[in-house]
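Novice: predicted model and sequence below, questions to follow.
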Amino acid sequence: MHTSTTLQEAGAGLLFAAVVGVPIGIGLARAPRLARLLDPVIMGLYGLPRVALAPLFILWFGIGLFSKIMMSFTMVLFIFILNVMEGIRTIDKDQLDLMTSMRAGRFYVVWTVLLPAIVPWILASFRIGVGLALIGAVVGELIGSNRGLGWYVESSGGQLDTTGVFSGLIVLMVLAMLANYLIGFMERKIVRWR
């Protein structure tokens, strides 16, 4: 029960961050003036210790699942935004000029140039984000929850149950390793496609 709760929170936060962060990263990379204007704000928010926001998330979103999803979401969002922006910046300008000179459609350029360029960056964001999403879920559970691996570790520690603490930590480690393996497997399949 505790493992599935933490997995739901971290997984939903990670996927939500990808769905929101990738389009924002693409939009900011395509609008360099806006990106320069928002860069200090983005870096300020990225540097903000989101762990300090956990009590506020509990107050705003309640003790349930959604506050932990939002905690995981904020831990990972900026990883996706910054990686996608960097991935688009690394696209060869000559390749884009070639597509423009051949009057390639916007969808064709996105499909043949943009997506192959940013897919490795998105997968790298998932790989980095797995651990951060788990941290966000566990921190949210430590601050206020009645289930999840973070709650289980804290509850076991409060009862001086060392075995319970280590078993919770080992399950978290195994979850991170399995998620990393799954992302690596997907990456190998997609790299073959590229």
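Specialist: On my side now, so go ahead. Since we're looking at a predicted model, the values are computed, not measured.
Novice: so what's residue 5 closest to, chain neighbours aside?
Specialist: Closest residue in space to residue 5, ignoring its immediate chain neighbours: residue 148 at 4.3 Å, by Cβ to Cβ, 6 or more residues apart in numbering. Yep, even glycine has a C-beta here, placed from its N, CA and C like the rest.
Novice: nearest to the spatial middle of the chain, which residue is it?
Specialist: For the chain, the residue nearest the mean C-alpha position is residue 76 (3.3 Å; Cα atoms, centre = their mean).
Novice: how many neighbouring residues does residue 10 have?
Specialist: Around residue 10 sit 33 other residues, with neighbours defined as other Cβ atoms under 10 Å.
Novice: let me know whether it touches residue 136 as I believe.
Specialist: Yes. Judged on Cβ atoms under 8 Å, residue 10 makes contact with residue 136 at a distance of 7.0 Å.
Novice: pLDDT of stretch 147-154, averaged?
Specialist: Stretch 147-154 shows a mean pLDDT of 79 in the predicted model.
Novice: now it, how far from the centre of its chain.
Specialist: On the basis of Cα atoms, centre = their mean, to the nearest Å, stretch 147-154 is displaced by 21 Å from the centre of the chain it belongs to.
Novice: start at 33 instead
Specialist: In the new numbering, first residue 33, that becomes stretch 179-186.
Novice: residue 189: neighbour count?
Specialist: Each residue near residue 189 was counted by other Cβ under 10 Å, and the total is 14.
Novice: what do you get for residue 75?
Specialist: Residue 75: 12 surrounding residues under other Cβ under 10 Å.
Novice: please name the residues that touch it.
Specialist: For residue 75, no residue meets the contact criterion (Cβ atoms under 8 Å, 6 or more residues apart in numbering).
Novice: picking up where we left off before, ok, the residue nearest to residue 37 touching residue 41?
Specialist: Yes. Contact criterion Cβ under 8 Å: residue 180 and residue 41 qualify, at 6.8 Å.
Novice: returning to what we had before: quickly note the distance from the residue nearest to residue 37 to residue 39.
Specialist: Distance from residue 180 to residue 39, counting by Cβ to Cβ, to the nearest Å: 9 Å.
Novice: between the two, who's got more neighbours?
Specialist: When neighbours are counted by other Cβ under 10 Å, residue 180 comes out ahead of the other of residue 180 and residue 39, with 27 against 19.
Novice: OK, contacts around the more buried one?
Specialist: Contacts were defined as Cβ under 8 Å, 6+ apart; by that measure residue 180 touches 34, 37, 38, 41, 100, 169, 170, 173.
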